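>>> okay, here's the prediction I keep looking at, along with the sequence it came from:
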Amino acid sequence: MKRFPNWLRKERLPGSVQYTSRILTGEKLNTVCESAKCPNRMECFSRQTATFMILGDLCTRRCGFCSIEAGKPTDFDYDEPERVAKAAFELGLKHVVVTSVARDDMPDGGAQRFADTIRAIRELLPESTIEVLTPDFKANWKSVNTVCEAGPDIYNHNLETVERLTPEVRSPLAKYRRSLELLKYVKTHYPHIVTKSGMMLGLGEAKEEVIQSLEDLREYQCDVLTIGQYLQPTKEKLEVSEFIAPFIFEFYEQKARELGFKEAYCGPFVRSSYHAGELSEKVLN
């Protein structure tokens, strides 16, 4: 693994992570923070926030960038929505982010579990906003409808990388244009829902390719953008091609605003749900 530059050396912030960890453990919940080895986990846990990962901790897809274990899931955890809602309530979350592993083994891709979780959160936290980060459901629009009709405030689906690198970075089942079509479908059929997507840099993409991806996202009606630095989670995963300097992230953030994104958050440590609550306040109020 490459040696980290100075701007990627994260300071330990004050605050305990034990309270958040105790609640998550007590409710037997998974988080993408832990499963994906997010570099912001300690910071977010100390702020009593986390991104819930439903439908188990085994993914039916094996992406080149992701440390979540791939395999054949055996999840039948039917009371998970209520436990997520209870944990969100105990943490006092004003903005709740729910994601999942890919579940291509399920006829609806896990869409009903998303919907049940949204409704369970609404029951306990009626004033909170809810953001979902879903797989592409293999373009099963019925599944997308199931999620959207449950009423999330923000629908996030990550493009992850530029079109040229998609076959290498993402699972063979993932398609660049399919991801764009999903975002457009949500915005076209549910215009009140804010659409959001994220990308990683440092995988070998060119500046022109990143700008093309931003233009594509706007063309397909994506409202909010996040861009962060890819960090190799394990030695088996794709190596970092380049560490992107902070001023380049600033350039892309400015470019995104010029292209018409309602909000853009770009920086080395930015992830899809990093400071999602603050971002949601800007686009939902």
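Looks like it came in fine.

>>> return the residues in contact with the most centrally placed residue in the chain.
The centre of the chain sits closest to residue 272, judged by CA atoms, centre = their mean, with a distance of 4.1 Å. By CB atoms under 8 Å, 6 or more residues apart in numbering, the residues touching residue 272 are 51, 99, 133, 156, 158, 196, 198, 226. C-betas here are computed from N, CA, C, even on glycine.

>>> what's around the second one, how many residues?
Residues near residue 99, counting by other CB atoms under 10 Å, number 24.

>>> next, the closest residue to it other than its chain neighbours: phi, psi?
Nearest non-adjacent residue to residue 99, counting by CB to CB, 6 or more residues apart in numbering: residue 133, 3.9 Å away. Per-residue torsions, residue 133: phi -120, psi 100 (degrees, to the nearest 10).

>>> neighbours around the nearest residue to residue 94 once chain neighbours are set aside, how many?
Nearest non-adjacent residue to residue 94, counting by CB to CB, 6+ apart: residue 128, 5.4 Å away. For residue 128, the neighbour count with other CB under 10 Å is 19.

>>> and the pLDDT at residue 128?
According to the prediction, residue 128 has pLDDT 97.

>>> who's in contact with it?
Each residue near residue 128 by CB under 8 Å, 6+ apart is listed here: 88, 93, 94, 95, 96, 121.

>>> just these now: which is nearest residue 213?
residue 95 (26.0 Å; CB to CB).

>>> so how far is residue 215 from the closest residue to that closest one other than its chain neighbours?
In space, residue 95 comes closest to residue 277 once its chain neighbours are excluded; the distance is 3.7 Å by CB to CB, 6+ apart. As judged by CB to CB, to the nearest Å, residue 277 and residue 215 stand 28 Å apart.

>>> same check on residue 193?
In this view, residue 193 and residue 215 are 22 Å apart by CB to CB.

>>> just the endpoints, please. Distance across stretch 74-81?
One end of stretch 74-81 sits 17 Å from the other (CA to CA, to the nearest Å).

>>> not counting its own residues, what contacts that stretch?
29, 54, 55, 56, 58, 103, 113, 116, 117, 119, 120, 121.

>>> what do you get if the cut-off is 6 Å, keeping everything else the same?
Identification of contacts with stretch 74-81 by CB atoms under 6 Å, 6 or more residues apart in numbering yields 54, 55, 56, 116, 117, 120.

>>> so residue 193 and residue 215 - more neighbours on which side?
residue 193 (18 against 12).

>>> hmm, that one is touching residue 156, no?
No - if you go by CB atoms under 6 Å, residue 193 and residue 156 don't touch, sitting 10.3 Å apart.

>>> export the contacts of residue 272 to CSV and tack on distance to residue 219?
Shown next, in CSV, are the contacts of residue 272 (distance: CB to CB, whole Å):
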residue, distance to residue 219
51, 28
99, 25
133, 21
156, 18
158, 17
196, 16
198, 17
226, 18
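
>>> out of these, which is most surrounded?
Neighbour count (other CB under 10 Å) singles out residue 196 as the most crowded of those, with 31 neighbours.

>>> okay, and the beta partners of that one?
Note on residue 196: beta-bridge partners by DSSP bridges are residue 156, residue 224.

>>> which ones are touching it?
So residue 196 contacts 154, 156, 224 (CB under 6 Å, 6+ apart).

>>> what does the pLDDT read for the residue nearest to residue 132 when sequence neighbours are not counted?
In space, and not counting its chain neighbours, residue 132 is closest to residue 152: 4.6 Å by CB to CB, 6+ apart. Looking at residue 152, its pLDDT is 98.

>>> how close does residue 152 get to residue 256?
Distance, residue 152 to residue 256, by CB to CB: 22 Å.
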